[in-house]
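Visitor: Pasting the sequence and the predicted coordinates here, then a few questions.
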Amino acid sequence: MSDGMTPGSPEFTPELRRQLLAVQRNEITEYHVYRHLAQRQTDAHNRGVLQRIAEEERSHHDFWRGYTGVSTKPDRPKITLYALMARLLGLTFAVKLMERGEEAAQINYEAIAIVIPEAKRVLEEEEEHERQLLAILDEERLQYIGSIVLGLSDALVELTGALAGLTLALGNSRLIALIGLITGIAAAMSMAASEYLSSKAEEKEGHSPLKAAVYTGIAYSATVALLVTSYLLVANPLVSLAITLFFALLIIVVFTYYLAVVRDLPFKHRFLEMAGLCLGVSLISFGVGFVLRQAFGIDL
């Protein structure tokens, strides 16, 4: 410890000790998270970097222990949560989400560094962690994120619009579900084929046109299934449409947040843009359905 600051010195206030213990616990928790993620890596380079970062996190914990005089226990639920996120949503999402937590912790570091100058070194190492992680992370699902975005966005805009129009034009939930499924499945195969041809024409190194097509088709089909389900379960088509629009917005929220984390993109702008397109097309289609129903005198 520098400047003669000790737990009994005037500068070592109860608030400072509370902040140090919080940061210290965060460091030991992230040590266990990184170590767990490293053990799951099959790539030797990635595993080595994650192990090194884990050891640095533990050294940071030991550094703060020199001031607090106690060892802190890790946050077990947080370790479990990030391990589960890495398994379900990928290493990139889990690590970058945790790095966002470190950015919040840096506010504490900045304040602590006024009293403990050595904290600046810890802050610099935390920033280096992020640069290292950005350099090593390379997951297949992120290589094809564009194909997934294509499948999701097209299904959300096209199918919600179609279902909204059919709701007013036909007024029969099961018939709307049947037409929606036929339309959605056909569109999913069409989008997958288009993505295959597009990816093949681009000839990107290490990018498989077949995998790009599969990711697009799966994303489109899964979205179709979720959006049509309400029409199979609810007899009232207007209620079904409301549920469908709710699920559409939920998909947009979840996927936009995922994309914002893994690609370091602004969440609010992308969410409002995609939600506006989806709801706007649905509203226009809803009106078109009403006009066509009146024009053709359809009464089912």
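Guide: That came through, no problem. Numbers count the residues shown, from 1 in each chain.
Visitor: Does Val288 touch Ala162 like I think?
Guide: No: counting by C-beta atoms under 8 Å, Ala162 is not a contact partner of Val288; they are 10.4 Å apart. Every residue, glycine included, has its C-beta placed from N, CA and C.
Visitor: more crowded one of those two?
Guide: In terms of neighbours (other C-beta atoms under 10 Å), Ala162 is the more surrounded of Val288 and Ala162; the figures are 21 against 15.
Visitor: Which pLDDT value goes with that one?
Guide: On pLDDT, Ala162 comes in at 84.
Visitor: in what helix or strand does the spatially most central residue of the chain lie?
Guide: Of all residues in the chain, the one closest to the mean position by C-alpha atoms, centre = their mean is Tyr258, 1.5 Å from it. Assignment of secondary structure by DSSP states H and E places Tyr258 within helix 237-263.
Visitor: Which other helices and strands does that helix contact?
Guide: Secondary structure elements in contact with helix 237-263, counted by 3 or more C-beta pairs under 8 Å, 6 or more residues apart in numbering; DSSP states H and E, are helix 91-115, helix 145-170, helix 173-202, helix 209-233, helix 267-296.
Visitor: burial of Arg263, as a residue count?
Guide: Counted with other C-beta under 10 Å, the burial measure for Arg263 works out to 12 neighbours.
Visitor: residue contacts, the nearest residue to it once chain neighbours are set aside?
Guide: The shortest distance from Arg263 to any non-neighbouring residue, by C-beta to C-beta, 6 or more residues apart in numbering, is to Ile145 (7.4 Å). In this structure, Ile145 makes contact with Leu259, Val262, Arg263, judged by C-beta atoms under 8 Å, 6 or more residues apart in numbering.
Visitor: now swap in Gln24 and tell me
Guide: Contacts of Gln24 were listed using C-beta under 8 Å, 6+ apart, and they are His61, Trp64, Arg65, Thr68, Thr72.
Visitor: And those, which is closest to Arg52?
Guide: Proximity to Arg52 was ranked across those by C-beta to C-beta; first place goes to His61, at 15.3 Å.
Visitor: hang on, isn't the closest one packed against His32?
Guide: No: look at His61 against His32 with C-beta under 8 Å: they stay out of range, at 10.3 Å.
Visitor: By mean pLDDT, flag the weakest helix or strand of the chain.
Guide: Lowest on mean pLDDT, DSSP states H and E among the helices and strands of the chain sits helix 140-143, with a mean of 66.
Visitor: that older thread, okay, buried residues for the helix holding Tyr258 please.
Guide: By neighbour count, and taking 16 or more other C-beta atoms under 10 Å as the criterion, the buried residues in helix 237-263 are 237, 240-241, 243-245, 247-249, 251-252, 255-256, 258-262.
Visitor: Next up, the contacts around Thr216.
Guide: Each residue near Thr216 by C-beta under 8 Å, 6+ apart is listed here: Ser147, Ile148, Leu150, Gly151, Met191, Ala192, Glu195.
Visitor: Just the buried residues of those residues.
Guide: So, of these, Ser147, Ile148, Leu150, Gly151, Met191, Ala192, Glu195 end up buried under the neighbour-count rule (16+ other C-beta under 10 Å).
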